[in-house]
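[1] One predicted model, sequence on top.
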Amino acid sequence: MLQTEFHIEGTKIVSKTYEPFFVLNVQIPEYEDNYEELSIQNCLESYFKTNQMNDYVHNGKKVKATHKQLISKLPNTLCIQLKRFIFTDRLIKIKDYISFDELIEIPDSILSQDLNLGIFNTSSRNIRAQYRLFSVVEHIGYSAARGHYISYAMDSDD
């Protein structure tokens, strides 16, 4: 379940809404010097970063506001789609290498404080939200208009 928080600066009101999700359509962040390499964790943290809105109109005045999404309930199966195609005046494929491990850890920074990870004490965050990777679908090709999709999956014995 995704939790969206909207806060207008100077007020105590935080609007929270909840919606189910089945796939996270994650943008690939622009490569920055502070990344040793781009990873699934970088993509998730970029997707869930707090967005500052400087020109939000509230009661007829321009004010600052923040918009943030968090995961408030973890799905049994997490599906992450990397947005590798950009639509401008033409279709462009983002070819950046994104690293990932077989065990994908969900960063604490994108988990809601309301998240219940079971009988364990989540306030100390000793428990890690992790998923084991069991399949990948990859587009092979130099452009968005040409190529093939290839899938890789764990063997049932694994």
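    Now that the structure is in, tell me what you want to look at. Residues are numbered from 1 along each chain as shown.
[2] middle-most residue in this structure, spatially?
    Nearest to the mean C-alpha position of the chain, counting by C-alpha atoms, centre = their mean, stands Leu44 at 3.4 Å.
[3] helix/strand/coil for that residue?
    Judged by DSSP: H, G, I helix; E, B strand; the rest coil, the three-state class of Leu44 is helix.
[4] ditto for the one 10 residues further on
    When the structure is reduced to helix, strand and coil (three-state DSSP), Asn54 reads as strand.
[5] Test my guess that it contacts Lys64.
    Yes. With contacts defined as C-beta atoms under 8 Å, Asn54 counts as touching Lys64 at a distance of 5.5 Å. In this view, the C-beta of every residue, glycine as well, is placed from N, C-alpha and C.
[6] what about those two, which has more around it?
    Lys64 (14 against 9; other C-beta atoms under 10 Å).
[7] Tell me the confidence at the more buried one?
    We have a pLDDT of 93 for Lys64.
[8] that older thread, name the nearest residue to the residue nearest to the centre of the chain, sequence neighbours excluded.
    Ile110 (6.0 Å; C-beta to C-beta, 6 or more residues apart in numbering).
[9] which residues does that neighbour contact?
    44-45, 47-48, 69-71 (C-beta atoms under 8 Å, 6 or more residues apart in numbering).
[10] Let me see the ranges of the strands in this protein.
    Secondary structure of the chain (DSSP state E): strands at 2-8, 14-19, 23-27, 51-58, 61-71, 79-83, 85-87, 91-93, 103-106, 129-132, 135-143, 146-153.
[11] partners of the fourth one in the sheet?
    Read it as strand 51-58. According to DSSP bridges, strand 51-58 forms sheet pairs with strand 61-71 (antiparallel).
[12] ok, and what's touching the partner strand?
    1-10, 47-58, 106, 110-112, 115, 129.
[13] wait, what's in contact with the spatially closest residue to Asp101 that is not a sequence neighbour?
    Nearest non-adjacent residue to Asp101, counting by C-beta to C-beta, 6+ apart: Leu133, 7.4 Å away. By C-beta under 8 Å, 6+ apart, the contact list for Leu133 reads 100-104, 154.
[14] Quick check: of those residues, which lies closest to Ile140?
    Minimum distance to Ile140 across the contacts of Leu133 is 17.1 Å, recorded for Phe100 (C-beta to C-beta).
[15] Hmm, that closest one is touching Ile40, no?
    Yes. With contacts counted by C-beta under 8 Å, Phe100 reaches Ile40, the gap being 4.4 Å.
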